[in-house]
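> Sequence plus predicted model, see below.
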Amino acid sequence: MSETTNLTIRMDKKLKEQAEHLFSELGMNMTTAFTVFVRQAVRQGKIPFEISLNIPNAETIAAMEEANRISNDLNTKRYSSFDELVAEVRNEV
């Protein structure tokens with residue numbers, strides 16, 4: 001077995017408690033979870049998940065703008081229920 005070392009990490013107490021609870025539910029402790037994360041980072045040569053500012057990409061922004069245009073267009077066909085929309089689509093086929 002390889003030699004081990006200690007690592008000290010500072011984090012918000014509530015965040016630590018939430019993480020410990022989650023990892024416990026997954027059958028591991030904080031050390032095991034952190035080791036899994038680091039092994040994946042080393043194996044992949046990157047952070048093993050996407051890190052973002054939750055800013056929508058161009059496709060999402062375009063879809064949101066289209067939805068706004070449609071909802072503001074008084075000539076757009078409206079439906080009072082999903083069933084009504086489905087019935088019309090079935091009649092067109």
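That came in fine, so what should we check first?
> Hmm, residue 48 and residue 37 touching each other?
Yes: between residue 37 and residue 48 there is a contact at 6.9 Å, judged by Cβ atoms under 8 Å. No exception for glycine: its C-beta is placed from N, CA and C like everyone else's.
> Flag the shaky bits of the chain, pLDDT-wise.
Judged by pLDDT under 70, the chain has its weakly predicted residues at 1, 93.
> Now do the buried residues in stretch 70-79.
For stretch 70-79, the neighbour count (16 or more other Cβ atoms under 10 Å) marks no residue as buried.
> Give me the distance between the two termini of it.
Start-to-end span of stretch 70-79 (Cα to Cα, to the nearest Å) is 13 Å.
> do you know how far residue 43 is from residue 37?
11 Å (Cβ to Cβ, to the nearest Å).
> So the two - more neighbours on which side?
Between residue 43 and residue 37, counting by other Cβ atoms under 10 Å, residue 37 is the more crowded of the two (13 against 9).
> Can you list the helices and strands that the helix or strand harbouring the more buried one packs against?
Counting by DSSP states H and E, the element that carries residue 37 is helix 30-44. Applying 3 or more Cβ pairs under 8 Å, 6 or more residues apart in numbering; DSSP states H and E, one finds that helix 30-44 contacts helix 13-25.
> what packs against the helix it packs on?
helix 30-44.
> Run through who's touching the helix it packs on.
7, 9, 16, 19-20, 23, 26, 28, 47-48 (Cβ atoms under 8 Å, 6 or more residues apart in numbering).
> Skip ahead from that helix and say which helix or strand is next.
With elements assigned by DSSP H and E, the helix or strand that comes after helix 30-44 is helix 58-72.
> Okay, buried residues for that following helix please.
Within helix 58-72, no residue counts as buried by 16+ other Cβ under 10 Å.
> returning to that earlier point: ok, and the most crowded of the contacts of helix 30-44?
Going by other Cβ under 10 Å, residue 23 tops those with 17 neighbours.
> circling back to that earlier point, starting at the chain centroid, how far to the helix holding residue 37?
Relative to its chain's centre, helix 30-44 lies at 20 Å (Cα atoms, centre = their mean, to the nearest Å).
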